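Trainee: I'll drop the sequence and a predicted model, then ask my questions.
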Amino acid sequence: MHKFIKRMILRNAVNASLQYINTYIPQATANQRLAYRETLKEWLEQLALRYYACEYDANKYCNEIISLKEHLLANHGQILTSLTLGICQKPITLWLKYLWLIGDASKKPLFATIDRDIMNLAHIPNPPNWSEIDTIEEYLRIVSFIDNYAIVNGFGSGSVWEAENWSDEIE
């Protein structure tokens, strides 16, 4: 993959996880914010080296989300207002989704990327704010519902359905 494409998809995955949420404490410096983003990008790059869709199940995928949360808190917890599993699932799943959709079938994410628009499109009952999801049970409830919704609507999985239906123009 060309390094420009890699930088752009890493940036987009990280930025999407920071949108619409108050991530940093007011005292966080520009250098501290940059360091957080770089740590996240490095972690995502390492994930791509070990992630093969055929080797992952729900438990292993969720453990990656938990691992990212623990890693970021250990390295940058002092500058974060909050870091949830909902926030951590987003860059993981988006990064894998980009890698998959540019041609690496082994990087297909196990689940759809959760955000407000996707939960609304899938008619999730009692949808939480995606950035406030902080239990694996709630995360699995939502992605399981999306997977079932996708299957009923003729898609093989929630990740395929989400890739085909997400738009930045959803309202």
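Mentor: Thanks, I have the structure now.
Trainee: which residues of this structure score low on pLDDT?
Mentor: For the chain, the stretches with pLDDT under 70 are 169-171.
Trainee: what about the residue positioned nearest the centre of the chain, which helix or strand?
Mentor: Closest to where the C-alpha atoms of the chain average out (C-alpha atoms, centre = their mean) is residue 90, at 1.8 Å. With elements taken from DSSP states H and E, the one containing residue 90 is helix 85-101.
Trainee: same question for residue 120.
Mentor: For residue 120, the host element (DSSP H and E) is helix 116-121.
Trainee: what about the helices in this structure?
Mentor: With DSSP state H, the ranges of helices along the chain come out as 3-18, 30-50, 58-76, 85-101, 116-121, 136-152, 158-165.
Trainee: mind listing what's buried in the longest one?
Mentor: It stands for helix 30-50. Of all the residues in helix 30-50, those buried under the rule 16 or more other C-beta atoms under 10 Å are 32, 36-37, 39-41, 43-44, 47-48. C-beta coordinates here come from the backbone N, C-alpha and C atoms, glycine included.
Trainee: next up, the contacts around the residue of the chain most remote from its centre.
Mentor: Within the chain, the residue lying farthest from the chain centre (C-alpha atoms, centre = their mean) is residue 27, at 26.2 Å. Applying C-beta atoms under 8 Å, 6 or more residues apart in numbering, one finds that residue 27 lies in contact with residue 79.
Trainee: how close does it get to residue 46?
Mentor: Using C-beta to C-beta, to the nearest Å, residue 27 is found at 29 Å from residue 46.
Trainee: swap in residue 33?
Mentor: Using C-beta to C-beta, which is the criterion applied here, residue 33 is 21 Å from residue 46.
Trainee: same check, this time on residue 70
Mentor: Applying C-beta to C-beta, one obtains 14 Å for the distance of residue 70 from residue 46.
Trainee: this completes my enquiry, with thanks.
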